[in-house]
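Chemist: here are the coordinates; sequence isn't available:
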């Protein structure tokens with residue numbers, strides 16, 4: 001093959017390659033970028049916005065973010081136990097709740113639980129769907145329900161973290177109690193359950209209401225003997241009124 005033929009062949013090949021590249025370029029913008037898999041095995045998935053903000057994490061136990069690890073430039077919770085599940089974040093990259101679960105046998109029997117939580121903005125959980133199941137010897141304790149909580153008015157995740165770090169350095173018990181009261185009065189920390197709808201570990205199924213300080217105030221439930229009860233309690237947890245009225249054996 002002479003030089004002239006080689007040059008012609010090279011031109012043809014170049015033109016063909018350019019045509020193929022142009023075809024891929026034009027069709028690539030119209031192509032669906034989604035992919036389909038029958039099975040996908042991963043240890044962690046981060047759902048992110050175009051700007052890189054993490055909006056959701058689906059993870060196994062080992063890759064659960066804890067300690068000094070940051071998400072969206074923030075340390076979430078240094079001492080939180082690693083669990084498999086899911087965490088979700090708002091538009092500002094602040095944690096807004098999550099779904100976690102675990103369960104295993106131990107030296108006493110077993111311990112298991114699942115929790116779905118929704119957080120107050122830049123705070124802790126105000127709504128929780130929770131179930132726990134633990135066994136100690138021959139006794140098994142199962143608790144499940146929907147819990148509504150109050151949170152401190154000026155609570156933020158960063159503020160709570162700083163306050164907890166300060167409190168951990170106070171060794172004097174009374175000084176620590178006084179400091180907690182100080183921050184609670186300022187509305188920076190604190191919270192209390194207000195409504196529980198579900199089953200308690202004592203096998204009572206019903207509606208349980210709490211005061212602002214978290215003390216139980218009213219119970220309306222069916223007990224383990226299928227008896228319907230309505231109880232009103234004082235701040236000390238003493239029943240001050242009930243229905244039906246308990247009759248003495250002399251009646």
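Modeler: Yes, it's here. From a predicted model like this one, the values you see are computed outputs, not experimental measurements.

Chemist: in the stretch 151-251 of the chain, which spans are strands?
Modeler: All strands of the stretch 151-251 of the chain, identified by DSSP state E, counting those that start in this stretch, fall at 191-199, 205-210, 216-222, 228-233, 239-243.

Chemist: now these as TSV including mean neighbour count and mean pLDDT?
Modeler: Where C-beta positions appear, they are placed from N, C-alpha and C, glycine not excepted. Converted to TSV, those look like this (neighbours: other Cβ atoms under 10 Å; pLDDT from 0 to 100):
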stretch	mean neighbour count	mean pLDDT
strand 191-199	17	95
strand 205-210	18	97
strand 216-222	17	97
strand 228-233	16	96
strand 239-243	12	94
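
Chemist: wait, which of those is closest to residue 128?
Modeler: Each of the strands of the stretch 151-251 of the chain has some distance to residue 128 by Cβ to Cβ; the shortest is strand 191-199, at 9.2 Å.

Chemist: hang on, the earlier thing: need the strands of the stretch 151-251 of the chain in JSON lines with distance to residue 165, can you?
Modeler: Shown next, in JSON lines, are those (distance: least, Cβ to Cβ, whole Å):
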{"stretch": "strand 191-199", "distance to residue 165": "18"}
{"stretch": "strand 205-210", "distance to residue 165": "29"}
{"stretch": "strand 216-222", "distance to residue 165": "31"}
{"stretch": "strand 228-233", "distance to residue 165": "36"}
{"stretch": "strand 239-243", "distance to residue 165": "40"}
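
Chemist: of those strands, which approaches residue 50 most closely?
Modeler: Taking these one by one with Cβ to Cβ, strand 191-199 is closest: 35.3 Å.

Chemist: and the closest one, which strands flank it?
Modeler: Using DSSP bridges, strand 191-199 pairs in its sheet with strand 139-151 (antiparallel), strand 205-210 (antiparallel).

Chemist: now that strand, how far from the centre of its chain.
Modeler: 17 Å (Cα atoms, centre = their mean, to the nearest Å).

Chemist: ok, now how distant is residue 152 from residue 198?
Modeler: Distance of residue 152 to residue 198, computed by Cβ to Cβ, to the nearest Å: 25 Å.

Chemist: can you check residue 126 too?
Modeler: 16 Å.

Chemist: which residues of the stretch 101-250 of the chain score low on pLDDT?
Modeler: The stretch 101-250 of the chain contains residues with pLDDT under 70 at 246-250.

Chemist: the same query, at a cut-off of 80, please.
Modeler: 245-250 (pLDDT under 80).

Chemist: what's the burial count for residue 97?
Modeler: Residue 97 has 20 neighbours, counted by other Cβ atoms under 10 Å.

Chemist: got a list of what it touches?
Modeler: 87, 88, 116, 117, 118, 119, 125 (Cβ atoms under 8 Å, 6 or more residues apart in numbering).

Chemist: mind checking the SS state of the residue nearest to the third one when sequence neighbours are not counted?
Modeler: Among residues not flanking residue 116 along the chain, residue 129 sits closest, at 4.3 Å (Cβ to Cβ, 6 or more residues apart in numbering). Using DSSP: H, G, I helix; E, B strand; the rest coil as the criterion, the local structure at residue 129 reads strand.

Chemist: got a pLDDT number for the most centrally placed residue in the chain?
Modeler: Central residue of the chain (Cα atoms, centre = their mean): residue 98, 2.9 Å from the mean position. Residue 98 carries a pLDDT value of 97.

Chemist: so it makes contact with residue 85?
Modeler: Yes. With contact defined as Cβ atoms under 8 Å, residue 98 counts as touching residue 85 (6.2 Å).

Chemist: what about residue 101, helix or strand, and which?
Modeler: Per DSSP states H and E, residue 101 falls inside strand 95-105.

Chemist: this completes my enquiry, with thanks.
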